[in-house]
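Engineer: here's my sequence, what's the structure:
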Amino acid sequence: MDRLLNNDQAADILNISPYSLRGKVSRREVPFVKLGRRVLFRKEDLMELIEKCTVQPRPRREEP
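Structural biologist: You can find the predicted model right below:
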């Protein structure tokens, strides 16, 4: 099992500020693990979130 990530490490993976990540946690927009007072993140959950939020390009229209 991989180690759990702290707020700064998870924010780095998501390429957002630690402050923004705390806001997303409070709105429950990202999965997290709560151990006592500590909020930690699994890297697999973050990678899954990135995949889920990835927008695919539209197919190109053919010119007449």
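Engineer: ok, now which ones touch the most centrally placed residue in the chain?
Structural biologist: By Cα atoms, centre = their mean, the chain has its centre lying nearest to residue 46, at 4.0 Å. Residue 46 makes contacts with 5, 10, 13, 14, 30, 31, as judged by Cβ atoms under 8 Å, 6 or more residues apart in numbering. Placement of C-beta: from N, CA and C, glycine included.
Engineer: between these, which is nearest residue 58?
Structural biologist: residue 14 (25.0 Å; Cβ to Cβ).
Engineer: the residue nearest to the centre of the chain falls within a helix, correct?
Structural biologist: Yes - applying DSSP: H, G, I helix; E, B strand; the rest coil, one finds residue 46 inside a helix.
Engineer: distance between the helix or strand encompassing residue 39 and the chain's centre?
Structural biologist: Using DSSP states H and E, residue 39 sits within strand 38-40. From the chain centre to the centre of strand 38-40 is a distance of 14 Å (Cα atoms, centre = their mean, to the nearest Å).
Engineer: list the neighbouring strands of that strand plus their orientation.
Structural biologist: Using DSSP bridges, strand 38-40 pairs in its sheet with strand 33-35 (antiparallel).
Engineer: what's the mean pLDDT across the partner strand?
Structural biologist: Taken as a whole, strand 33-35 carries a mean pLDDT of 96.
Engineer: what does stretch 47-64 give?
Structural biologist: Model confidence over stretch 47-64, given as mean pLDDT, is 89.
Engineer: can you name the residues in contact with that stretch?
Structural biologist: 13, 14, 30, 31.
Engineer: save those residues as a markdown table, and put in neighbour count too.
Structural biologist: What follows is those, written out as a markdown table (neighbours: other Cβ atoms under 10 Å):
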| residue | neighbour count |
| --- | --- |
| 13 | 15 |
| 14 | 18 |
| 30 | 17 |
| 31 | 13 |
